[in-house]
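K.L.:
I'd like to go over a predicted model; first the sequence, then the structure.
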There are 2 protein chains.
Amino acid sequence: MAVSPLAPAGFPSLPVIGGVRFASAQAGVRYKGRVDVMLAEIAEGSTIAGVFTTSATRSAPVLDCQEKIGRDVAGRAAFLVNSGNSNAFTGRAGEESVSAVCGAVADATGIPVDRIFTSSTGVIGERLPHDRILAKVEELNDSLSEDGIEGAARAIMTTDTFPKGATATVDIDGRPVRIAGIAKGSGMIAPDMATMLVYIFTDAAIGRDALQALLKAQTDKTFNCITVDSDTSTSDTLLMAATGASGVNVTDSVAFTDALGNVMLDLAHQVVRDGEGATKFVEVRVSGAASDDDAHKVALAIANSPLVKTAVAGEDPNWGRIVMAVGKSGAQADRDLLTIRFGDILVAEKGWVSPDYTEEAGAGYMKQQELVIAVDLGLAGGMSTVWTCDLTHRYIEINADYRS
Amino acid sequence: MAVSPLAPAGFPSLPVIGGVRFASAQAGVRYKGRVDVMLAEIAEGSTIAGVFTTSATRSAPVLDCQEKIGRDVAGRAAFLVNSGNSNAFTGRAGEESVSAVCGAVADATGIPVDRIFTSSTGVIGERLPHDRILAKVEELNDSLSEDGIEGAARAIMTTDTFPKGATATVDIDGRPVRIAGIAKGSGMIAPDMATMLVYIFTDAAIGRDALQALLKAQTDKTFNCITVDSDTSTSDTLLMAATGASGVNVTDSVAFTDALGNVMLDLAHQVVRDGEGATKFVEVRVSGAASDDDAHKVALAIANSPLVKTAVAGEDPNWGRIVMAVGKSGAQADRDLLTIRFGDILVAEKGWVSPDYTEEAGAGYMKQQELVIAVDLGLAGGMSTVWTCDLTHRYIEINADYRS
């Protein structure tokens, strides 16, 4: 499959995170001739946090992770992830597969089962052929290495056209603290929570509750502000491990919070840039709303509207559809106080098209690959920004053919 | 544009409704060489009711109708509708156009302005060239006839590929009471309220408040249960006139209520059958929900899911995406109590695929043009049925090119 035209130039150089080792392998769960399973081994003393899909039909691995995430267990930890099969809606067999995989990882690594977190992504409703994964666990354990993260990023891909990684290093009290993350996801992306799968590692020291609170807060500003097709996966999982190897405690550190937020936003943007069939990256900025919640409603109504998304695909500066989306959002709005901008171009104000706006200017702007649609509601100070992509023929092709 | 493959065989034969006359004309508002404006003249003593879009950015004609609908005015009444331009988000100019059109109709017909209801459908945000309509008002008034309703149905079309009409005659106390309705709408169709434009006429006698309550209740069961693309128009309007010419009072008549509901459901289904790019007509039946509201949430989540709609387009029996849609709906659900059927085929139960289900059976079923997707949540007695269509390349073509 051709790489998305919105992809970054290449996979970034991610730093080694002290206390974490990675391995990937070809288990042949569904795909042939590519890595499809990855293992991350996390040092003793690390804290683990997680945020998961809000779906009422969560997959067996998600339910298992959620049960384990709050437990007060020490020792090493592990993340094991496969692509090709999501082990979702697989009844009791799904739980058996999770147990089998966790058991095998425990046997091979000596890590307690309570500290083994698994994720699965891919087709829903088919039994996970977990024997294929079990057959690779020893190989994975034997090939763990500090610099195996890119292989891990590749192993978790499904319809993704490029592997996704992001990093930040922040100096705290003169010492470097490193963050590195990987993600996958291209369709079925919408709040909450819009990640598909994300794994973030840091050598910072931070307590479990503080890490969990931080991760949740940053998720709301990043992964919960992206949408590809308004659909929400049964498998969305974000796991984070803090090993403490840097020796720097980052509890309440603004610098660390900002750095983590940047890594998460970078990954979130990459997920949108790999949205199925995407040819345009669209930032929807809403201001002047009665509240931040109202602004978010309006931003999502615009970003999820099939009519807005097809207009963007057709490079049509169809601001009428934006007015429509504002109107249907459920947020407080006054038609005659609306202001709409495409980038710096003032399109509409005071309930109508701006006298200086020309269709030529709008159409010229829409030809760009990166677009900003800004809407001011003129009511109060509520703000929200959401990122999305266009809706193209390719999305239909991918989803009318691919069994996900 | 080719007629939708889901269209009925032809426009139905609609009966004359005593007290109503129709005319249509070519005003050239936007389209050339076809009728694009229609006038309905309604006899003195008729009651008028209306239901309108819930959009916060309603068009000038909708706001004007809403203001007039509650007024206690007698005399004849008129509906004037144009296609090609929706007069939405046109600021003060929009109100001026409504006044100009109403004034001209009043001058030509002698009907009081308070009893003149206008609708406009088509492009948003461009000034309505109302002079073109004004130039045709005398011609419209001079050509009013009892059997002009099919021309009216054609005049209100935009991206519609066929005119929509429905009728019912019900005997009450041995006397016939007639209902005839017309509608337009193909994209930007979603609750509330999913009509685009609908005009219904009956020779029943019924008071204004009773008619309004009846119309609202039936709308909830019909037009608010269809969705094409989850987008809600700024112009959606449903107007109904009861002339009383039959001499039969239908207040609290179950037979009349049922007949009206059938006419509205017929029109609602026709709107879905003309959904932009539609090749499949899909009935989504949800039962066993904790409440009717929950059932409706689940039904809409399935019907609006781009992943479900593209799977239907691809004739892929992808029940995993239905599980996903149930999960994201926000309704109470238990994965392991879900039952999913395609028509009579039991697909999934007890949290997993049914042992008797075969992919061949599912794939064979999906080749049909008319599909029933049934989901039982296994919780309580809440039920809802929603109708939708698939999401195809043609939808993208129409909406990436057409300025609506």
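P.N.:
Happy to help now that I have it.
K.L.:
ok, now which ones touch residue A:393?
P.N.:
A:277, B:393, B:396 (CB atoms under 8 Å, 6 or more residues apart in numbering or on different chains). For every residue, glycine as well, the C-beta is placed using N, CA and C.
K.L.:
now those residues in TSV, with distance to residue A:234 and pLDDT?
P.N.:
Listed next are the contacts of residue A:393 as TSV, based on distance: CB to CB, whole Å; pLDDT from 0 to 100:
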residue	distance to residue A:234	pLDDT
A:277	22	85
B:393	27	83
B:396	27	80
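K.L.:
now, which of the residues you listed lie within helices?
P.N.:
The helices, defined by DSSP state H, take in B:393, B:396 from the contacts of residue A:393.
K.L.:
measure residue A:41 to chain B for me?
P.N.:
Distance of residue A:41 to chain B, computed by CB to the nearest CB, to the nearest Å: 31 Å.
K.L.:
try residue A:308
P.N.:
Distance from residue A:308 to chain B, by CB to the nearest CB: 8 Å.
K.L.:
I figured that residue hits residue A:298, correct?
P.N.:
No. Using CB atoms under 8 Å, residue A:308 makes no contact with residue A:298, being 11.8 Å away.
K.L.:
who's sitting farthest from the centroid in chain A?
P.N.:
Within chain A, residue A:355 marks the point farthest from the mean C-alpha position, 40.6 Å out by CA atoms, centre = their mean.
K.L.:
quickly note the distance from that one to residue B:89.
P.N.:
Here residue A:355 is placed at a distance of 15 Å from residue B:89 (CB to CB, to the nearest Å).
K.L.:
same thing with residue A:263?
P.N.:
40 Å.
K.L.:
ok, residue A:79 next?
P.N.:
50 Å.
K.L.:
kindly report the same for residue A:96.
P.N.:
In terms of CB to CB, residue A:96 sits 57 Å off from residue B:89.
K.L.:
what about the closest residue to residue A:314 other than its chain neighbours, which helix or strand?
P.N.:
Leaving aside its sequence neighbours, residue A:314 sits nearest to residue B:400 (CB to CB, 6 or more residues apart in numbering or on different chains; 2.8 Å). Assigned by DSSP states H and E, residue B:400 belongs to helix B:393-401.
K.L.:
pull out the buried positions in that helix.
P.N.:
B:393, B:394, B:395, B:396, B:398, B:399, B:400 (16 or more other CB atoms under 10 Å in any protein chain shown).
K.L.:
likewise for stretch A:28-36?
P.N.:
A:28, A:29, A:30, A:31, A:35, A:36.
K.L.:
for residue A:328, give me the pLDDT.
P.N.:
At residue A:328, the model reports a pLDDT of 85.
K.L.:
how about it, what does it touch?
P.N.:
Counted by CB under 8 Å, 6+ apart, residue A:328 has contacts A:301, A:305, B:54, B:55, B:56, B:190, B:231, B:232.
K.L.:
buried members of those residues into PyMOL, please.
P.N.:
A single PyMOL command selects the buried members of these (16+ other CB under 10 Å):
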select buried, (chain A and resi 301+305) or (chain B and resi 55+56+190+231+232)
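K.L.:
what's the most distant pair in the contacts of residue A:328?
P.N.:
Greatest spatial distance among the contacts of residue A:328 (CB to CB): A:305 and B:54, at 15.8 Å.
K.L.:
sorry, back to before: of residue A:263 and residue B:89, who's got more company?
P.N.:
Neighbour count, other CB atoms under 10 Å in any protein chain shown: between residue A:263 and residue B:89, residue B:89 has more, with 29 against 23.
K.L.:
phi first, then psi, for that one.
P.N.:
phi 50, psi 50 (degrees, to the nearest 10).
K.L.:
that one against residue B:126, yeah?
P.N.:
No. Residue B:89 sits out of contact with residue B:126 when judged by CB under 8 Å, with a separation of 9.1 Å.
K.L.:
list the contacts for the residue of the stretch 51-200 of chain A found nearest chain B?
P.N.:
Per CB to the nearest CB, residue A:124 is where the stretch 51-200 of chain A lies closest to chain B, at 2.8 Å. By CB under 8 Å, 6+ apart, the contact set of residue A:124 is A:59, A:86, A:88, A:89, A:234, A:404, B:320, B:321, B:323, B:324.
K.L.:
can I assume the first one is in contact with residue A:91?
P.N.:
No. Counting by CB under 8 Å, residue A:59 stays clear of residue A:91, with 11.4 Å between them.
K.L.:
neighbour count: these two, which is higher?
P.N.:
When residue A:59 and residue A:91 are compared for neighbours, residue A:59 comes out ahead with 31 against 18, by other CB under 10 Å.
K.L.:
what residues does that one make contact with?
P.N.:
Taking CB under 8 Å, 6+ apart as the test, what residue A:59 contacts is A:86, A:87, A:88, A:89, A:90, A:94, A:120, A:124, A:234, A:235.
K.L.:
do that again at 10 Å, thanks
P.N.:
A:52-53, A:65, A:86-90, A:94, A:98, A:119-121, A:124, A:128, A:233-237, B:323, B:327, B:335 (CB atoms under 10 Å, 6 or more residues apart in numbering or on different chains).
K.L.:
ok, so of the buried residues of helix B:393-401, who is nearest chain A?
P.N.:
Among the buried residues of helix B:393-401, and counting by CB to the nearest CB, the member closest to chain A is residue B:400, at 2.8 Å.
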